[in-house]
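Enquirer: build me a model from this:
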Amino acid sequence: LIELHSDTETFKTLKALRDGNKITDPIKRRMLDVMYWEFLPGQADPELQKRIVASETEIERIFNTHRGKVDGKEVSENDVREILGSTKDSDKAKQAWLGFVSVSRKVADKLRETVRMRNELARKLGFEDYYEMKLAAQEIDEADLLRVFDELDILTRDAFADLKRDIDTQRAAHFGIDVRDLRPWHMGDIFFQEAPPLGGANLDEVYASEDLLALTKKYYKGMGLEVDAILSRSDLYEKPGKSSHAFATDINRLDDQRVLCNLKPNLRWADTLIHELGHAVYDQYINHDLPFILCTPSHSITTEGYAMMMGAMAKNPEFLTKVVGLSDADAAKYVAAARESLRAEKLIFSRWAQVMVRFEHGMYNNPEQDLAKLWWDLKRDYQLVNPPEDATMPGYAAKIHVVTVPVYYHSYMLGDLFASQVNDTIARKVIKTDNVRETAYVGSTDAGDFMRREIFGPGNRYNWRELTERITGKPISPEFFVRQYILQ
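Expert: Numbering: from 1, shown residues only. Coordinates of the predicted model:
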């Protein structure tokens, strides 16, 4: 594919056809747009592309071989996460965090040089910088993206500040320190992108004795969405030498979708299985009469958004009562905990996404600035996290996404906005309920029909903005996300 997308003669033909505006058939026009944006990045100087790939590969190698130390012993990233999530020893948490983040000092200069080369590549293709080019290739307008994130900031800032005060009080008590002494290693997560334990009922208890596969089949089948064939091709349980992660894949853009998981009876894997199966179901129901090139989801925003919408159902009140089958007494106990947990999770991630989006925007706009200062200023402003004593620590360079999947993080947040907007539409127009927060579409074949027809079926027939407006009647907006998860 790399070689194909680098073919200059093919690109010249695509560009001439696209600029000529002679192709008016909407399907062919859409195919032309998709191919154009797939080919464009490959038209840069081949030697420059090789240098960029070599630099990225070297940085990834450093990440893969880096191990921090705690009490003199090497620890993996999973070990670090375990320590940060459980220890009450402030010094141990600091050791673990600094040990992990210390990789940033090894790669910061290499990353800056990679950013310079990426910008050079983008400018040779007619863009201001790499950030603008990557967004354009994703059919996202830079000004519009920042406008949406500005609006999201306004709508979540006060609610997050209230939540952060509660978290700070709990975390300070957990470590036996003053709130003023809290630092990044006290937040229960390396980057404070996930909610720390907040107390209350533990939803892991709900799933400890459940058959996650049976629950998930029951849920999707209740909506008339078939999953047996997908699951029969999938690899769902742990085994030696197997990847420890989870993902869905579409093998042939026709009839071979699969899921990889490592299921255990807990909340995380309940969410993950429903989420990954959401990706596979989306791919399965794309209208395969479309040309092959359009037999994909409209965008990572739409497939990620749908999958996140479905995965979150593991904490949904209707799912817990009607699919899991909680008794009324247990429902009262766990549903409240589920609401609180989901609200904190969404709020915290939305503020973290602000940091990532604005940091990458600033970094590509001016890679020569003090990037460590930019990072910690954004962390303080959007996450209310105090910097470490040594604020020259380039913490941004410890986030591998900045290296391996640059200018992509906004897709996760936009996916969540898409999911909430679609959820609102299904709840009000299909389920016929105003109780948008509570519904999980359990047993609604009407909801399943709507998903097949409006979300999955079009494939990549429309760009993600047009698909969003066709489904919901409105352009993407944070208001539905805030209404679903943030307002109390």
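Enquirer: rest of the way, CA atoms for contacts and neighbours
Expert: OK.
Enquirer: what's the spacing between D162 and R483?
Expert: 17 Å (CA to CA, to the nearest Å).
Enquirer: please say which of the two ends up with more neighbours.
Expert: Between D162 and R483, counted using other CA atoms under 10 Å, R483 has the larger neighbour count: 16 against 10.
Enquirer: how much space separates the residue nearest to E128 when sequence neighbours are not counted from P41?
Expert: Excluding the flanking residues, the one nearest E128 by CA to CA, 6 or more residues apart in numbering is A122, at 7.0 Å. Separation of A122 from P41 (CA to CA) stands at 8 Å.
Enquirer: check A270 too.
Expert: Distance, A270 to P41, by CA to CA: 38 Å.
Enquirer: more crowded one of the two?
Expert: A270 (25 against 18).
Enquirer: check the secondary structure at that one for me.
Expert: Look at A270: counting by DSSP: H, G, I helix; E, B strand; the rest coil, its state is helix.
Enquirer: any figure for the gap between it and D250?
Expert: 21 Å.
Enquirer: all helices of the stretch 1-150 of the chain, in order?
Expert: With DSSP state H, counting those that start in this stretch as the criterion, the stretch 1-150 of the chain has helices at 2-5, 8-20, 26-39, 46-65, 77-86, 90-101, 103-124, 130-137, 142-175.
Enquirer: what's the most buried one of those?
Expert: Sort the helices of the stretch 1-150 of the chain by mean neighbour count, taking mean count of other CA atoms under 10 Å, and helix 90-101 sits at the top with a mean of 22.
Enquirer: coming back round to it: which one of the helices of the stretch 1-150 of the chain lies closest to V206?
Expert: helix 77-86 (20.6 Å; CA to CA).
Enquirer: residue nearest the centroid of this protein?
Expert: With distances taken as CA atoms, centre = their mean, the residue of the chain nearest its centroid is Y412 (3.2 Å).
Enquirer: any weak-confidence spans in the chain?
Expert: Along the chain, no part satisfies pLDDT under 70.
Enquirer: quick one: furthest residue from the center of it?
Expert: Computed with CA atoms, centre = their mean, the residue of the chain farthest from its C-alpha average is K22, at 37.8 Å.
Enquirer: and the residue nearest to the centre of the chain, what does it touch?
Expert: I301, E304, G305 (CA atoms under 8 Å, 6 or more residues apart in numbering).
Enquirer: got a ChimeraX select line for the buried ones in these?
Expert: With 16 or more other CA atoms under 10 Å as the burial test, the buried ones among the contacts of Y412 are selected in ChimeraX as follows:
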select :301,304,305
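Enquirer: from the contacts of Y412, pick the one nearest Y237.
Expert: Lowest distance from Y237 to the contacts of Y412 (CA to CA) belongs to E304, with 22.7 Å.
Enquirer: pretty sure that closest one sits in a strand.
Expert: No. According to three-state DSSP, the state of E304 is helix, so it is not within a strand.
Enquirer: separation between the closest residue in space to it that isn't next to it in sequence and Y408?
Expert: Spatially, and ignoring its direct neighbours in sequence, E304 is nearest to G415 (5.6 Å; CA to CA, 6+ apart). Taking CA to CA as the measure, G415 falls 11 Å from Y408.
Enquirer: more crowded one of the two?
Expert: G415 (23 against 20).
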